[in-house]
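> sequence plus predicted model, see below.
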Amino acid sequence: MAVVTTKAIVLSTLKYSDSSLIVKSYTQEEGLKSYLIRGILKAKKGGLKIAYFQPLNQLNIVASHRNKGSLNTIKEAQISYPYKTIYKNIIKQSVVLFLSEVLSYSIKEEEKNNALFEYIETGLVWLDLHDKVANFHLLFLLNLTRFLGFYPDLTEKEKIGFDLLEGNFTNVTSQKNVIYGNNFYQFNKLLGINFDSIENVSFNKQERQIVLKIIIQYFELHLDGFKKPKSLQILETVFS
C-alpha cells in the first residue's frame, strides 16, 4: 500500500451501505481509482464532506492506494478549484452530469496520463468561466478522442463524407457508418478547433442534437462497453 498525494476529478459516486460511498475518480498521478469512504453519509463535524464528491469536482487528495482493482481509501481531501458558476447554472450542471457519465464509461486506465488529466481540468475551468456554453459538451467530447486514441484523421478533408468506424474522410457514402450531407456538414464544424473558437460555431437545437448523436455513435464504435449516457435525455431537455 502506498500513500499518494494527487489531484483528482470525481467521476461518479455510488451509495454503499447506509453511511458509505464508493467514489470513482480520475487522478493525476495514477489514473482511474475507486475509493470506499466509510461513514460519510452520517452527519459529523470535521473529516470528509459529502459536498466534495459532486460530479467533476476537482480535488487535492491524500489517499492510500492498494493493488490494481482494489478499493482505496482517502485520508484527506480539499477542493482544488472551487467552481464559481457551475452549481448556480442549470445548463452547466446538466452538462457536468452528462460529461461525468461519459468520462466514467470512457476512461479505463489505472495509469498516469497527465495530458488527459490536464485536458479535463482545463475544459472544466473553461466551462466555469464562460457564458456561451451551449456547444461546449460537443467539442469537449470530440477533442477528448485525441486522448482516447481515435480523434478523426483530418487529411483528405475535401472528401464528401466521414467514416465513423475508420475515423477518416471518404467519398464512399453507401457504408453503414458513413455520415454525409447535412450530418457531415454539421459535424465538420467542430473539427480542428479549440474551446476559444466554440463561440463562433452556431447550431440550432436540431443540429446540436444531430451532432451529439453522431459523437455518441463515434464513441460507441471505438470504445468497448461504452453505454449511452442516462443523462442524455436531461441534456436534450435543457437545451430544447
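Nice, I can see it. Numbers count the residues shown, from 1 in each chain.
> biggest strand in this protein, by residue count?
When the chain is parsed with DSSP state E, its longest strand is strand 2-16.
> mind giving me the packing neighbours of that one?
Counting by 3 or more Cβ pairs under 8 Å, 6 or more residues apart in numbering; DSSP states H and E, the packing neighbours recorded for strand 2-16 are strand 20-27, strand 31-37, strand 58-65, helix 90-106, helix 114-129. Yep, even glycine has a C-beta here, placed from its N, CA and C like the rest.
> what does that strand contact?
Outside strand 2-16, the residues within contact range by Cβ atoms under 8 Å, 6 or more residues apart in numbering are 21-30, 32-33, 36, 41, 52-65, 75, 80, 100-101, 103-104, 107, 117, 120-121, 124.
> can you tell me the strand partners of that strand and which way each runs?
Here strand 2-16 has these sheet partners by DSSP bridges: strand 20-27 (antiparallel), strand 58-65 (antiparallel).
> if you count contacts, what does the helix or strand hosting residue 146 end up packed against?
Taking DSSP states H and E as the criterion, residue 146 maps to helix 136-148. Under the contact criterion of 3+ Cβ pairs under 8 Å, 6+ apart, helix 136-148 touches helix 90-106, helix 114-129, helix 205-222.
> try it again with 6 Å
helix 114-129, helix 205-222 (3 or more Cβ pairs under 6 Å, 6 or more residues apart in numbering; DSSP states H and E).
> turn those helices into JSON lines, columns for distance to residue 238, mean neighbour count and mean pLDDT.
Converted to JSON lines, the helices and strands packed on helix 136-148 look like this (distance: least, Cβ to Cβ, whole Å; neighbours: other Cβ atoms under 10 Å; pLDDT from 0 to 100):
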{"stretch": "helix 114-129", "distance to residue 238": "14", "mean neighbour count": "16", "mean pLDDT": "98"}
{"stretch": "helix 205-222", "distance to residue 238": "11", "mean neighbour count": "18", "mean pLDDT": "96"}
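> any chance of those in TSV with distance to residue 157 as columns?
Below are these laid out as TSV (distance: least, Cβ to Cβ, whole Å):
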stretch	distance to residue 157
helix 114-129	23
helix 205-222	17
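> so which of those gets nearest residue 145?
Within those, the stretch nearest residue 145 is helix 205-222; the backing value is 7.2 Å (Cβ to Cβ).
> look up how far residue 229 lies from the closest residue to residue 165 other than its chain neighbours.
Nearest residue to residue 165 in three dimensions, chain neighbours excluded: residue 177, at 4.3 Å (Cβ to Cβ, 6 or more residues apart in numbering). Going from residue 177 to residue 229 by Cβ to Cβ, to the nearest Å gives 20 Å.
> pretty sure residue 123 is touching residue 141, no?
No. Contact criterion Cβ atoms under 6 Å: residue 123 and residue 141 do not qualify, at 10.0 Å.
> quick one, the helix or strand where residue 187 lies and helix 136-148 angle?
Using DSSP H and E, residue 187 sits within helix 181-188. Going by axes from the mean of the first three to the mean of the last three Cα atoms, to 10 degrees, helix 181-188 is angled at 70 degrees with respect to helix 136-148.
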